[in-house]
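1. This is a predicted model, with the sequence first.
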Amino acid sequence: MDKGYKRPTMRSRELRLNATDAERKLWAQLSARKVAGVRFNRQFPIGPLICDFVSRTAKLVIEVDGGQHAVDVEKDEARTAYLQSQGYQVIRFWNNDVLERIEGVVGEIERALADMPSPNPSRKREGDS
C-alpha cells in the first residue's frame, strides 16, 4: 500500500542525534515513563511529519519550538491541523520555556494527560444490569 510518502526513519534518527538543548532537557523529563507513567517517543514520524515527542497511547504530541516558529505560524497551524485529523492533541512550548521553567512545562504536560479521556474505556460486561 502506497501512503504517498516515505516513512522518514533516517531523518528521525538524524534529529534524535542532533537534538536542541531544549529537546534534550525535556526528554530527560519524559523518558522512561517519568511523567504520569506515560511512554513517549522522540522525533517520531506521524504520516509525513516528524514530531518532537509523541505518546501514541495518550494520542498526545508535544512540540518544542524555536524562534523560527514565530515567523512561520501558518506552517505550524497546518501541522497541528493534520495531527488533530489523525486523532492527536498537540501542545507547543517555546525553547526558552523548556530551558527556563521545566517544572511548569512538565506540569502542563501532566495536566494535559490528566484531562484526556482514557484510551481504553472499560466496557460494560454482557449480562450486567
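-> Ah, there it is. Numbering: from 1, shown residues only.
2. From residue 52, how far out is the residue sitting nearest the centre point of the chain?
-> Central residue of the chain (Cα atoms, centre = their mean): residue 61, 2.1 Å from the mean position. Plainly put, residue 61 is 8 Å away from residue 52 if you go by Cβ to Cβ, to the nearest Å. Any C-beta I mention is one placed from the backbone N, CA and C, and that applies to glycine too.
3. Which is the succeeding secondary structure element to the helix or strand where residue 75 lies?
-> Using DSSP states H and E, residue 75 falls within helix 73-85. Moving toward the C-terminus from helix 73-85, the first helix or strand encountered (DSSP H and E) is strand 89-94.
4. Contacts for that next one, please.
-> Residues outside strand 89-94 that contact it (Cβ atoms under 8 Å, 6 or more residues apart in numbering): 22, 26, 59-66, 69, 76, 79-80, 83-84, 105, 108-109, 112, 116.
5. let's see 6 Å
-> 60, 61, 62, 63, 64, 65, 80, 83, 105, 112 (Cβ atoms under 6 Å, 6 or more residues apart in numbering).
6. Mind picking the lowest-pLDDT entry from these?
-> Within the contacts of strand 89-94, residue 65 has the lowest pLDDT, namely 92.
7. give me the number of residues near that one?
-> Per other Cβ atoms under 10 Å, the neighbour tally for residue 65 reads 17.
8. Let's test this: name the helix or strand in the chain with the lowest mean pLDDT.
-> helix 68-71 (a mean of 60; mean pLDDT, DSSP states H and E).
9. Give me the residue ranges of the protein where confidence is low.
-> Within the chain, the ranges that satisfy pLDDT under 70 run 1-9, 11-13, 67-71, 118-129.
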